[in-house]
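J.: Compute the structure for the input listed below.
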Amino acid sequence: MYFERGYLYHIYNQGNNRQKIFFKKENYIFFLRKMKKYLLPYVDVVAWCLMPNHFHLMVFVNELELPVESESQAFTASEGLTAISPNIRTLNDSLGILLRSYTRAINIQNRTSGALFRRKTKAECVNCNDGVTPSYLTVGGVTQINIEIPERQYPQLCFNYIHDNPVKAGLVTKPELWGFSSAIDYAGLRDGRLVNKEIAVKFGFI
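T.: I've put the predicted structure just below:
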């Protein structure tokens with residue numbers, strides 16, 4: 001995946017062979033904790049939705065790589081000894097660690113093995129001006145063309161699309177009724193700490 005600092009990205013993946021990736025409430029919560037640990041150092045989360053067999057995230061990229069200390073390095077530093085240089089972890093690396101560690105936990109829970117997610121996680125820039133931003137988006141079976149201010153139109157469509165997923169899947173009748181989505185936060189029904197509403201305001205989503 002290719003990321004650039006200062007842009008919005010739509011990140012998504014689904015279960016291998018469209019299998020379930022979340023089996024009970026605790027799985028959703030565990031995945032959100034992994035997001036906070038591995039993604040928030042690099043990005044602001046603008047929108048998210050976890051579905052039984054896939055997930056969607058909209059993030060604003062702040063950092064592409066950050067130094068991380070291993071446990072041995074932290075121990076050395078705490079003993080007052082000279083610590084070796086910290087390792088560098090990229091946003092790509094951190095996203096991969098999130099998915100691999102979640103997969104391990106689910107395999108242990110379900111007594112299974114093998115891949116949980118599709119091999120390639122997708123990351124689309126939704127507000128790039130260099131032709132990367134898709135010129136269209138299918139919403140509710142209708143293709144909508146980006147012709148007026150594409151760097152703002154497509155992000156809004158994507159923001160809405162992420163939150164509308166549970167409705168389109170027939171799980172709920174309104175986006176804010178799905179418990180594992182930031183739609184509840186934007187509806188004012190929950191004070192979630194995961195999303196940065198200031199970014200949403202900046203881009204005119206709310």
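
J.: could you say which helix or strand contains the most centrally placed residue in the chain?
T.: Nearest to the geometric centre of the chain sits Leu57, at 3.2 Å (C-alpha atoms, centre = their mean). Assessed by DSSP states H and E, Leu57 sits inside strand 54-61.

J.: Can you spell out which helices and strands pack onto that strand?
T.: In terms of contacts (3 or more C-beta pairs under 8 Å, 6 or more residues apart in numbering; DSSP states H and E), strand 54-61 is packed against strand 8-14, strand 43-51, helix 150-168. Glycine gets a C-beta too; all of them are placed from N, C-alpha and C.

J.: okay, these in JSON lines with distance to Thr121, mean neighbour count and mean pLDDT next?
T.: Shown next, in JSON lines, are these (distance: least, C-beta to C-beta, whole Å; neighbours: other C-beta atoms under 10 Å; pLDDT from 0 to 100):
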{"stretch": "strand 8-14", "distance to Thr121": "4", "mean neighbour count": "22", "mean pLDDT": "97"}
{"stretch": "strand 43-51", "distance to Thr121": "14", "mean neighbour count": "23", "mean pLDDT": "98"}
{"stretch": "helix 150-168", "distance to Thr121": "15", "mean neighbour count": "20", "mean pLDDT": "87"}
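
J.: what's the closest of the ones you listed to Ala123?
T.: strand 8-14 (4.9 Å; C-beta to C-beta).

J.: relative to helix 150-168, how tilted is the closest one?
T.: Between strand 8-14 and helix 150-168, the angle comes out at 30 degrees (axes from the mean of the first three to the mean of the last three C-alpha atoms, to 10 degrees).

J.: CA-only coordinates of strand 8-14 in CSV, if you can.
T.: Taking Å, rounded to 0.1, in the frame of the first residue of the first chain, the C-alpha atoms of strand 8-14 are listed here in CSV:
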residue,chain,number,x,y,z
LEU,A,8,-7.4,10.9,3.4
TYR,A,9,-7.4,7.1,2.7
HIS,A,10,-10.2,4.5,2.6
ILE,A,11,-8.7,1.3,4.0
TYR,A,12,-10.7,-1.9,3.7
ASN,A,13,-10.4,-5.7,3.7
GLN,A,14,-12.7,-8.7,4.1
